[in-house]
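Participant: 3D model of this:
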Amino acid sequence: RLDTARLCDVCRQTIWFEGSEGDEAGLKKVASCLERILSDPSVEVLAIKNAMQLGPASSLHTAGFRFVKVQLRIVTPRAKRLGVDGHVCELLLALHSMAPPKNVAMRRRYLR
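Facilitator: Okay, here's the model as predicted:
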């Protein structure tokens, strides 16, 4: 009941990278960022989902939006002192060209 590890989207952010689908330079930037996250001792990576793979099966679950989702925890002494070291953060790594279109009407629907 009090398991904070089950809360996976309270803290969610996206890092956008320049590039488009199939752009090797953009994909290398995403991979480099992921490597840095994995090597950071203040971060515990719990899961990685690669939704950048092309194909009809992956499109069914992502609506065509390509990203790498990283579920992680911040495990610094400060996070432990604050009692948030068990909270799971969701970080999306995505190419800028794959950003979903946003407009005023979409924002209004979201805020309702």
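Participant: helix or strand with the lowest mean pLDDT in this structure?
Facilitator: In the chain, the helix or strand scored least confidently by mean pLDDT, DSSP states H and E is helix 56-62, which has a mean of 51.
Participant: could you give the mean pLDDT of the very next helix or strand once past it?
Facilitator: Where DSSP states H and E defines the elements, the next helix or strand beyond helix 56-62 is strand 68-74. Mean pLDDT, strand 68-74: 94.
Participant: in this structure, which spans are strands?
Facilitator: 11-17, 43-50, 68-74, 89-95 (DSSP state E).
Participant: can I get the last one in PDB? Just the C-alpha atoms.
Facilitator: By that I understand strand 89-95. In PDB, the C-alpha atoms belonging to strand 89-95 read as follows (Å, rounded to 0.1, in the frame of the first residue of the first chain):
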ATOM      1  CA  CYS A  89      11.100   8.900 -12.000                       C
ATOM      2  CA  GLU A  90      10.300   8.500 -15.700                       C
ATOM      3  CA  LEU A  91      12.600  10.000 -18.200                       C
ATOM      4  CA  LEU A  92      11.800  10.000 -22.000                       C
ATOM      5  CA  LEU A  93      14.700  10.400 -24.500                       C
ATOM      6  CA  ALA A  94      13.200  11.400 -27.800                       C
ATOM      7  CA  LEU A  95      14.100  13.100 -31.100                       C
END
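Participant: paired strands for it, with orientation please.
Facilitator: Applying DSSP bridges to the sheet, strand 89-95 is found paired with strand 11-17 (parallel), strand 68-74 (antiparallel).
Participant: what of the longest one?
Facilitator: Neighbouring strands of strand 43-50 in its sheet, by DSSP bridges, are strand 68-74 (antiparallel).
Participant: what's next to the partner strand, contact-wise?
Facilitator: By Cβ atoms under 8 Å, 6 or more residues apart in numbering, the residues outside strand 68-74 that reach it are 8, 30, 34, 37, 42-52, 79, 84-94. To be clear about C-beta, it is placed using only N, CA and C from the backbone, and glycine gets the same treatment.
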